[in-house]
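In: Have a look at this prediction, sequence included:
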Amino acid sequence: MLSIGFVIVISSEMVDSFLSFEFGFTDKQMGVLWSVIFIVSAFASQLTPAINKLLGLKKSLLVVGVVMAVTFIVSPYIGLILGGASLILRSSLQGIFGNLSSVIVNNNTESKYRATTISTFNMLKNIPYLLMAYFIGSVSDLISAKNVSMYLGIALVILLAIRVFRSKRNATI
């Protein structure tokens with residue numbers, strides 16, 4: 001969960017805003033785009049129970065992570081329309097991820113520790129952003145936010161692959 005959470009925070013706090021500019025949105029279009037993103041994300045988060053029921057928690061998180069990674073990786077190759085669609089999809093998946101991670105924490109934590117566990121999880125997923133914000137901003141200026149997005153997607157795929165590999169290895173032991 002933390003692997004996806006790290007990337008989500010970095011994405012939502014800075015990279016997505018940079019991307020909307022690089023995709024070619026004007027300031028007025030960005031206002032409309034972000035309004036649409038918030039509305040669609042609110043509706044998409046309502047799909048969490050159906051996704052959870054269909055795939056289960058672990059597979060749902062994996063699918064959300066993989067789809068988000070794909071939206072990052074394709075960023076250098078898409079333009080205004082597909083770029084806006086990828087931002088909408090990614091933001092919608094962020095809401096679903098937040099809901100799924102809360103369900104996982106609730107299912108695996110005693111009630112007296114739940115608030116502390118959720119707060120700790122949220123703090124931990126924000127630490128990489130706090131430590132790397134200046135660096136990511138500088139790199140975005142040098143190589144473009146589209147390329148930074150692609151590298152975030154590659155990093156997310158690697159983190160997810162490590163997790164899947166470790167899960168399968170532990171299951172066979």
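Out: That came in fine, so what should we check first?

In: where are the low-confidence patches of the protein?
Out: Applying pLDDT under 70 to the chain flags the ranges 171-173.

In: And the helices in this structure?
Out: Under the criterion DSSP state H, the chain contains helices at 2-10, 16-22, 27-45, 48-55, 57-73, 80-108, 111-143, 145-172.

In: which of those helices is buried the deepest?
Out: helix 2-10 (a mean of 21; mean count of other Cβ atoms under 10 Å). Bear in mind the C-beta positions are built from the backbone N, C-alpha and C, glycine included.

In: neighbouring contacts of it?
Out: 61, 64-65, 68, 72, 94, 97, 101, 121, 124-126, 128-129, 132-133, 136, 152, 155-156, 159-160, 163 (Cβ atoms under 8 Å, 6 or more residues apart in numbering).

In: can you give me the offset of it from its chain's centre?
Out: 6 Å (Cα atoms, centre = their mean, to the nearest Å).

In: repeat for stretch 31-49
Out: For stretch 31-49, the distance to the chain centre is 14 Å (Cα atoms, centre = their mean).

In: residues in contact with that stretch?
Out: 20, 25, 84, 87-88, 91-96, 98-100, 103.

In: Among those residues, which one lies nearest to residue 51?
Out: Using Cβ to Cβ, residue 96 is the member of the contacts of stretch 31-49 that lies nearest residue 51, at 6.4 Å.

In: how much space between the closest residue to that closest one other than its chain neighbours and residue 15?
Out: Leaving aside its chain neighbours, residue 96 sits nearest to residue 48 (5.2 Å; criterion: Cβ to Cβ, 6 or more residues apart in numbering). Separation of residue 48 from residue 15 (Cβ to Cβ, to the nearest Å): 24 Å.

In: how close does residue 131 get to residue 6?
Out: Applying Cβ to Cβ to residue 131 and residue 6 gives a distance of 10 Å.

In: ah, wrong one, I meant residue 84
Out: Using Cβ to Cβ, we find residue 84 at a distance of 24 Å from residue 6.
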